[in-house]
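Undergrad: Okay, sequence plus prediction incoming.
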Amino acid sequence: MKISALKLLEALNCIVGAVVRDLSGKFSASTKALKPSEVREILALTENRKVLSLAGGLPGPEVFPKEDLARIAARVIEELGDSALQYSPTLGVMPFREAVADFVRQRGVKVLDSDRVAVTTGSQEAIYLLGMTLVNPRDAIIVESPTYLAALNVFRYFGAEFIPVPIDEGGMRTEMLEDKVKEARSKGLNVKMIYTVATCHNPTGVIMMDDRRKELLEVASKYDLLVIEDDPYSFFVFDEVPFTPLKTLDTEGRVIYLGTFSKILAPGLRLGYMIADRQLTRTVELAKQMVDLHSSTLSQYVALYAIREGVVDKTIQRARTVYREKRDVMIEALEEYMPDGSHWFKPKGGLFAFIYLPSSVDTTDMLQMAIDRGVAYVPGRSFFSDGSGSNAMRINFSYLPPDKLREGIRLIAEAARDYIKAKASGS
Ligand SMILES: *Cc1c(COP(=O)(O)O)cnc(C)c1O
């Protein structure tokens, strides 16, 4: 990211580095692939400043069921403290794993007899464990273009190559899928799997149509690919859009389903889950033993009681109402303020919208101007595996209260107009 505040941070690090010893020669070769997450860097920049952040991926704190969780947490520690504060099995405590299986089944996700639920420290750990257990350098992964940047970063770390497939209002353009697979194979790549956020896609909010889901699974079957269905959002879709989880359409046990309590309860609990064939979950278990032994026992019991007492359902209802309202405020503000030539998808769910500005705008370049005006977003480029998307940006609509959200969009539009004007006059 070419922004001066970041340069400043780097300079500060250099100064610290000069005082301490230079340790870079000690780092392992694999650290070469580590790069800072742009979102986290921006969050660091906007911290302690009066910047309206549309950059993060934070749920609205007004959705957190604080009183219910306070009561449940106290009860769990008082009544079950001996187990809830203790070490526990790597794949999760059994009553919670069973509750998760029932929870997703009741919402239309098919769990096969040969499947196992693996509790993870957020979906992020599940993605990491899948990187560890499935990806060899030069394995190719098919992704939506754009896609979830934290998944790109993990798979890239394990040496994966990407095959980006464009999306539109109906999700991944699956009619291109087979040709993409053939092309990659002819280049000698081992096409191993498809990673998709099929429902309320991050960053665009679109939902993949069912006929495309079927086509995706047909191609997966024909070329023997695994499918990772990363599904944090499908339980609180805003509009009535029919869709079927890939996991439910799958008859061959090739879909690995990832869920999380981050968006339907609280991300601070750090609880996610993977539902997949037992052979895979067993391998993931061995990897997870090394990474963190197990996910928080306390969080698992708290979430278990939150499910049993209907607190999760209540939070899902509230999330749907609150976020839909904010989505509508955002769309109204975009229509009112954004410069001509901008376009976006209307998100059907999730926490984000992806905006394309006129092609003359470079959103990475423009970010400093926006921050100076008091607003932050994530430049679009990081969501593309091939570096395209320079005129795009992701904005979050779940976190800020509606009036601040509106103001943030007005400020972004203002920055964009100034940027376009400056560019046109050659300065
Ligand atoms: C928010 C989100 C997650 C959740 O990550 P956690 O580690 O469970 O907090 C996973 N995938 C996508 C696409 C997301 O948007």
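TA: Yep, that arrived. Residues are numbered from 1 along each chain as shown.
Undergrad: Please make it C-alpha for all contacts and neighbour counts, starting now.
TA: OK.
Undergrad: hey, where'd the helices end up in the protein?
TA: Secondary structure of the chain (DSSP state H): helices at 4-19, 38-46, 66-84, 94-106, 122-134, 149-157, 177-186, 210-222, 246-249, 278-291, 297-308, 311-337, 363-373, 402-424.
Undergrad: And the fifth one, what does it pack against?
TA: Right, helix 122-134. When contacts are defined as 3 or more C-alpha pairs under 8 Å, 6 or more residues apart in numbering; DSSP states H and E, helix 122-134 sits against helix 149-157, strand 255-260, strand 272-277, helix 278-291.
Undergrad: Quick check: buried residues in the longest one?
TA: By neighbour count with 16 or more other C-alpha atoms under 10 Å, helix 278-291 contains the buried residues 278, 280-281, 284-285, 287-288.
Undergrad: how much space is there between Ile72 and Met330?
TA: Look at Ile72 and Met330: by C-alpha to C-alpha, to the nearest Å, they are 35 Å apart.
Undergrad: Which residue of those two possesses the greater neighbour count?
TA: Shown here are Ile72 and Met330; by other C-alpha atoms under 10 Å, Met330 has more neighbours (25 against 20).
Undergrad: Do you know the pLDDT at the closest residue to the more buried one other than its chain neighbours?
TA: Counting by C-alpha to C-alpha, 6 or more residues apart in numbering, Arg406 is the residue found nearest to Met330 once chain neighbours are left out, at 6.4 Å. You'll see Arg406 listed with a pLDDT of 98.
Undergrad: my guess is Arg406 meets Ile331, correct?
TA: No: Arg406 lies out of contact with Ile331 (C-alpha atoms under 8 Å); the separation is 9.4 Å.
Undergrad: Same drill for those two, tell me which one is more crowded.
TA: Between Arg406 and Ile331, counting by other C-alpha under 10 Å, Arg406 is the more crowded of the two (21 against 18).
Undergrad: list the contacts for the more buried one?
TA: 329-330, 333 (C-alpha atoms under 8 Å, 6 or more residues apart in numbering).
Undergrad: Near the ligand, which residues of the protein? Just list them.
TA: Proximity of the chain to the ligand, by C-alpha under 6 Å from any ligand atom, involves residues 122-124, 148, 197, 202, 230, 232, 260, 262, 267, 272.
Undergrad: got the contact list for the most centrally placed residue in the chain?
TA: In the chain, the residue lying closest to the centroid (C-alpha atoms, centre = their mean) is Tyr148, at 4.9 Å. Listed by C-alpha under 8 Å, 6+ apart, the contact set of Tyr148 reads 197, 202-203, 383.
Undergrad: how about a cut-off of 6 Å?
TA: Contacts for Tyr148 (C-alpha atoms under 6 Å, 6 or more residues apart in numbering) come out as Asn202.
Undergrad: Would you mark the buried spots in stretch 159-178?
TA: 159-167, 169, 171-174, 177-178.
Undergrad: distance between that stretch and the chain's centre?
TA: Remark: stretch 159-178 is offset 17 Å from the chain centroid, using C-alpha atoms, centre = their mean, to the nearest Å.
Undergrad: Stretch 170-185 now?
TA: For stretch 170-185, the distance to the chain centre is 22 Å (C-alpha atoms, centre = their mean).
Undergrad: what's the pLDDT at Asp22?
TA: Asp22 is given a pLDDT of 87.
Undergrad: If you could redo that for Phe236, that was the one I meant.
TA: 96.
Undergrad: residues touching it, list them.
TA: Applying C-alpha under 6 Å, 6+ apart, the residues contacting Phe236 are Arg320.
Undergrad: quick revisit: farthest-separated two in the buried residues of stretch 159-178?
TA: Gly159 and Glu169 (30.6 Å; C-alpha to C-alpha).
Undergrad: quick one: terminal-to-terminal distance for stretch 337-344?
TA: So stretch 337-344: terminal residues 13 Å apart, C-alpha to C-alpha.
Undergrad: Next, the buried residues of it.
TA: 337-339, 342-344.
Undergrad: if we can go back for a sec, give me the pLDDT for the residue nearest to the centre of the chain.
TA: 96.
Undergrad: got the phi/psi numbers for it?
TA: phi -70, psi 120 (degrees, to the nearest 10).
Undergrad: From Val322, how far out is it?
TA: Distance from Tyr148 to Val322, by C-alpha to C-alpha: 23 Å.
Undergrad: ok, now Leu23?
TA: Leu23 is 47 Å from Val322, by C-alpha to C-alpha.
Undergrad: Compare neighbour counts for the two and give me the winner.
TA: Under the neighbour definition other C-alpha under 10 Å, Leu23 and Val322 were set side by side, and Val322 has more, 18 against 8.
Undergrad: Give me the contact list for stretch 268-287.
TA: 114-123, 256-261, 299.
Undergrad: Can you tell me which of those residues are classed as buried?
TA: 115-123, 256-261, 299.
Undergrad: Sounds good, over and out.
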